[in-house]
Structure formats: C-alpha cells, structure tokens
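In: next come a sequence and a model predicted from it.
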Amino acid sequence: MFLIDPILNVCERLGRRLLMLFSIVGRLVMFAFHALRDVLVPPYYPKLIGQQFINIGYYSLTVVGLTALFSGMVLALQSYTGFARFNAESAIANVVVLSITRELAPVLAGLMVAGRIGASIAAEIGTMRVTEQIDAMTTLSVNPFQYLIAPRVLAGTLMLPVLVFIADIIGVFGGFIVGVYVLDFNPYTYIQQTWDFVQAMDVISGLVKAAVFGFIVTLMGCYCGYNSGRGAQGVGAATTNAVVSASILILIFNYILTQVFFS
C-alpha cells in the first residue's frame, strides 16, 4: 500500500501533464488552420499587411544583419583554428558559405526575429485581449483572425526568407573580411572557392527553412497573445511563452527540415 500510492500519484500527475500537452497541441493546430484559412479568404487588409511587412522585415534588418556579419566572421576565425591542425585551411571558404546558407542564417535569423517580433506580437495582441478590444471587434462583426492574425502570419512567412537571403550575403561577406584581411587569404581565390562550392539547393533549403520559421514565430506570437491571461502578469507570461516556444520549435523543425533536404 505504501508503494502503490506514490506510484499512482506520479502516474496521475504524468497523465494530467500529458492531457494538458495534447490539449495545447490540439488548440495550436486548430489555431494554425484557422489562421491559414483566413490568409486566403477575403476581406483583405492591404494596409495592415504592408505595416507588418515593414515591422517584421525592415525593422528587423539591423539585428539580423549584425548577427549574420559577426557569425560569419567568428565562423571563419574558428574554422581556421581547427583546420590548421590538419593543414586544411583552404576549405574555410567552403565551410563558411555552406554553414551560413544551410544553417546559421535561417536559424539565427529565426531566433532573433522570435525575440523581437514574437514578443512584440504577443504583447500587442495580449494587451488587446486584456483590454477587451478583441471582444469589441467580434461585437462589431470584424473577424479578429483576418484583422490581427492573418496579416502578421502572412508577413512573417514571406519576409523572413528575404531577411535570410540578405543574411546569407552579409554572413559570407563577414567570413570574407576575416579570411582576407585577418588570415591573409587571396581575395580572388576566396571568392572563387565560395562561388564554385555553393549550390542552389544550399540557398533554397535555407529560404524554405526561413519561411517555416517565420510562420512559427508569428503563429506562436499570435497564439500566446490571443490566449493571454488577464492583467499585466498574463501579458508578460504570454510574451515569455511566445519567445520560448517559438525558439524551441525553430530548433526542432530545423532538424526535421535538414533531414528532409539532406538525408
């Protein structure tokens, strides 16, 4: 009896957590389908969509660009340190362009945008939920999904690939700066090796990842904000949950997509 009761308590708590997890996943999937449907169904709000394009794309360019630049520089420097042990320094340009286009640019850009845009969306929509603005929209026969969710999801899905493409260029340029001006590589040889080694699939896979990550970031920001608890504490929790969950999902889907593209 003394052994059975603790085991039952543990099983009960575990079952309750699993049911809660399945419930959250189910609500998130339904939320995603609802958002995707309203992206395609009129009425559309081009002004709101344009504002989100600027907010997600233009205003995130600085942080994404700086992240890509220094990531490329550090990657070139660290690669040289490691490859020098095997007399393979000439492969640095290949490693930099491959790592940036396939992995670092989409993942780091996704994480940076999750911290900036995901938190912003969750806080904004969460505040609207707390102040009952979303309820007022429903009362006025305005679909909150079409007015709030769809423009953000659409803009995030389309703009993050643009940011990642720019990050690819900046990151490779950062590696070029270190390779040529710090490690004394021949600039023409470095550029030629980069151009000869990179393939279209390397860039395309990164852009596809970016579209998925942009969808994840905006979806989680909208979902956490839309289901925010009451008060300032609820909005703060929604913001934290949006960033953490989006970051974890980005890492999970990065592995899945890498397996799909390069297995």
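Out: Sure, I can see it. Numbering: from 1, shown residues only.
In: ranges for the helices of the stretch 151-263 of the chain?
Out: 187-197, 200-226, 231-262 (DSSP state H, counting those that start in this stretch).
In: buried residues in the first one?
Out: Judged by neighbour count (16 or more other CB atoms under 10 Å), helix 187-197 contains these buried residues: 190-191, 193-194. C-beta coordinates here come from the backbone N, C-alpha and C atoms, glycine included.
In: of the residues you listed, closest to residue 77?
Out: The closest of these to residue 77 turns out to be residue 190 (CB to CB; 14.0 Å).
In: any idea how far that closest one is from residue 171?
Out: Per CB to CB, to the nearest Å, residue 190 is found 14 Å from residue 171.
In: what's the answer for residue 200, then?
Out: With distances taken as CB to CB, residue 200 is found 18 Å from residue 171.
In: now do residue 21
Out: Distance from residue 21 to residue 171, by CB to CB: 36 Å.
In: so the two - more neighbours on which side?
Out: residue 171 (31 against 10; other CB atoms under 10 Å).
In: what pLDDT is listed against that one?
Out: pLDDT, the model's per-residue confidence, is 95 for residue 171.
In: which residues sit in contact with the closest residue to residue 116 other than its chain neighbours?
Out: Using CB to CB, 6 or more residues apart in numbering and skipping the chain neighbours, the partner closest in space to residue 116 is residue 60 (5.9 Å). Applying CB atoms under 8 Å, 6 or more residues apart in numbering, one finds that residue 60 lies in contact with 112-113, 116-117, 159, 163.
In: alpha carbons of stretch 201-209, as CSV, please.
Out: Written as CSV, here are the backbone C-alpha positions of stretch 201-209 (Å, rounded to 0.1, in the frame of the first residue of the first chain):
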residue,chain,number,x,y,z
MET,A,201,19.9,23.7,-53.0
ASP,A,202,22.0,25.1,-50.2
VAL,A,203,20.4,28.5,-50.6
ILE,A,204,16.9,27.2,-51.4
SER,A,205,16.9,24.9,-48.3
GLY,A,206,17.7,27.9,-46.1
LEU,A,207,15.0,30.0,-47.6
VAL,A,208,12.4,27.3,-47.1
LYS,A,209,13.5,26.9,-43.5
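In: return the distance of it from the chain's centre.
Out: 14 Å (CA atoms, centre = their mean, to the nearest Å).
In: buried sites along that stretch?
Out: 202-203, 205-209.
In: any idea how far residue 246 is from residue 240?
Out: 11 Å.
In: the two: who's more crowded?
Out: residue 246 (28 against 13).
In: picking that back up, make CSV out of the helices of the stretch 151-263 of the chain and add distance to residue 103 and mean pLDDT.
Out: Converted to CSV, the helices of the stretch 151-263 of the chain look like this (distance: least, CB to CB, whole Å; pLDDT from 0 to 100):
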stretch, distance to residue 103, mean pLDDT
helix 187-197, 15, 88
helix 200-226, 8, 94
helix 231-262, 7, 92
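In: what angle do the helix or strand of the chain with the lowest mean pLDDT and helix 231-262 make?
Out: None of the helices or strands of the chain scores lower by mean pLDDT, DSSP states H and E than helix 4-40, at a mean of 80. Put simply, helix 4-40 runs at 80 degrees to helix 231-262, going by axes from the mean of the first three to the mean of the last three CA atoms, to 10 degrees.
In: many thanks, have a good one.
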